[in-house]
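> I need the structure of the sequence given here:
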Amino acid sequence: MNNDLLNDFKQFIAATVLQEISGLREDIQQLDEKINQVDQKLSKKIDDLDERLSKKIDDLSASVAEAMSDNTEEVDAQLKNHEKRIGLLEQRATA
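Numbers count the residues shown, from 1 in each chain. As a prediction, this is how the structure comes out:
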């Protein structure tokens with residue numbers, strides 16, 4: 001193999017590798033752009049989900065608080081009724 005042929009072969013290999021790398025760079029840039037788009041969409045969906053879940057949790061907390069308040073009022077009314085009845089029974093027992 002002479003030097004001219006060897007140099008031509010080196011140039012051919014270098015040009016082929018450079019062309020392949022150039023195509024890979026473009027592919028990588030396109031993939032990077034797609035990844036950024038997906039990341040933005042996911043971030044928006046996560047933010048939306050977080051907002052909806054926070055609202056549901058707030059609604060649930062309010063419902064639980066209201067139910068506890070209603071239950072406490074019922075128990076208080078029942079206790080007052082029992083106290084009144086016990087008082088009447090005590091009056092009858094002492095009479």
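> ranges for the helices of this structure?
Per DSSP state H, the chain carries helices over the ranges 3-94.
> residue 34: neighbouring residues, count only.
10 (other C-beta atoms under 10 Å). All C-beta spots, glycine's among them, are computed from the backbone N, C-alpha and C.
> tell me the contacts of it?
By C-beta atoms under 8 Å, 6 or more residues apart in numbering, the contact set of residue 34 is empty.
> state the distance from residue 69 to residue 76.
11 Å (C-beta to C-beta, to the nearest Å).
> actually residue 25, not the one I typed
75 Å.
> also residue 27?
72 Å.
> same deal with residue 90?
Separation of residue 90 from residue 76 (C-beta to C-beta) stands at 21 Å.
> try residue 85
Applying C-beta to C-beta, the value for residue 85 to residue 76 is 15 Å.
> for stretch 54-67, list the C-alpha coordinates in CSV.
Taking Å, rounded to 0.1, in the frame of the first residue of the first chain, the C-alpha atoms of stretch 54-67 are listed here in CSV:
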residue,chain,number,x,y,z
SER,A,54,-54.8,20.3,47.5
LYS,A,55,-58.4,21.4,46.9
LYS,A,56,-59.7,17.9,47.5
ILE,A,57,-57.7,17.7,50.8
ASP,A,58,-59.0,21.1,51.9
ASP,A,59,-62.6,20.1,51.0
LEU,A,60,-62.2,16.8,52.9
SER,A,61,-60.7,18.6,55.9
ALA,A,62,-63.6,21.0,56.0
SER,A,63,-66.1,18.1,55.8
VAL,A,64,-64.4,16.3,58.6
ALA,A,65,-64.3,19.4,60.7
GLU,A,66,-68.0,20.1,60.1
ALA,A,67,-68.9,16.5,60.9
